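Asks: below is the structure, and that's it, no one-letter string:
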């Protein structure tokens, strides 16, 4: 079995923010079903706690906007249009904050500049990974078939060894979740569960 070196491995936690992860968030009801089906929030909390003990880098990648969404065009469409229309992920508000269960711990890194779907576009994620000598990138978060998938594709094309943690992601329907995990994830990553990932990582148990 290939053992991953904790020193060159990072877990990227995408958009574990109140809008998605917490009751009362504008998008929570849309993802609640899939979150509950996998227990993804509790699993990701436990995963990151164990990862820190083993020396794995934990990175948080929130998406936030100014109150008037000046970062976007005057008439955005698609998912970003829906974000603006719904008043979601404002940096100044509760919805844009990282949820309490996933608050960054000492030593974690928070990505800056995420305004779109891909965790690399418009951010300092690639800089962080390369500065820290990271080769293995494990992805978690929201939405499975949107920001997680977009980040997965970009990481793959940048030459990282990409892992998608299938029980630490959530989409807005089980059908979308299952399709991404079954058909798209294997094209651009090595999909596995959180427990399977931890068995492949060196360090203390």
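Replies: Happy to help now that I have it. Here the structure is a predicted model, which means the values were calculated and not measured.

Asks: residue 193: neighbour count?
Replies: 15 (other C-beta atoms under 10 Å). (Glycine included, C-beta is placed from N, CA and C.)

Asks: that one and residue 147, how far apart?
Replies: Distance, residue 193 to residue 147, using C-beta to C-beta, to the nearest Å: 20 Å.

Asks: unless I'm mixing things up, residue 146 is touching residue 116, no?
Replies: No: checked against C-beta atoms under 8 Å, the pair residue 146 and residue 116 is beyond contact range at 10.3 Å.

Asks: how about residue 115, what does it touch?
Replies: Taking C-beta atoms under 8 Å, 6 or more residues apart in numbering as the contact definition, residue 115 lies against 63-65, 71-72, 122.

Asks: confidence score at the residue nearest to residue 99 when sequence neighbours are not counted?
Replies: Distances taken as C-beta to C-beta, 6 or more residues apart in numbering place residue 21 nearest to residue 99, at 4.1 Å, with adjacent residues excluded. Looking at residue 21, its pLDDT reads 98.

Asks: enumerate every residue touching residue 21.
Replies: Neighbours of residue 21 in contact, by C-beta under 8 Å, 6+ apart: 28, 35, 41, 99, 101-102, 142.

Asks: so which helix or strand takes in residue 44?
Replies: helix 40-54 (DSSP states H and E).

Asks: what comes up buried for that helix?
Replies: By neighbour count on 16 or more other C-beta atoms under 10 Å, the buried set for helix 40-54 is 40-41, 43-45, 47-48, 50-52, 54.

Asks: go on, stretch 11-28?
Replies: So, applying 16+ other C-beta under 10 Å, buried residues of stretch 11-28: 11-22, 25-28.

Asks: which parts of this protein are helices?
Replies: 18-21, 28-38, 40-54, 78-85, 125-131, 149-157, 174-179, 185-188, 194-199 (DSSP state H).

Asks: what's the mean pLDDT across the fifth one?
Replies: Right, the one you point to is helix 125-131. The average of the pLDDT scores along helix 125-131 is 98.

Asks: what about it, distance to the chain center?
Replies: 16 Å (C-alpha atoms, centre = their mean, to the nearest Å).

Asks: packing partners for that helix?
Replies: strand 57-61 (3 or more C-beta pairs under 8 Å, 6 or more residues apart in numbering; DSSP states H and E).

Asks: please repeat the previous calculation with a cut-off of 10 Å.
Replies: strand 9-14, strand 57-61, strand 109-110, strand 136-142, helix 149-157 (3 or more C-beta pairs under 10 Å, 6 or more residues apart in numbering; DSSP states H and E).

Asks: could you export these as CSV, including distance to residue 90 and mean pLDDT?
Replies: Converted to CSV, the helices and strands packed on helix 125-131 look like this (distance: least, C-beta to C-beta, whole Å; pLDDT from 0 to 100):
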stretch, distance to residue 90, mean pLDDT
strand 9-14, 18, 98
strand 57-61, 17, 98
strand 109-110, 17, 98
strand 136-142, 17, 98
helix 149-157, 22, 98
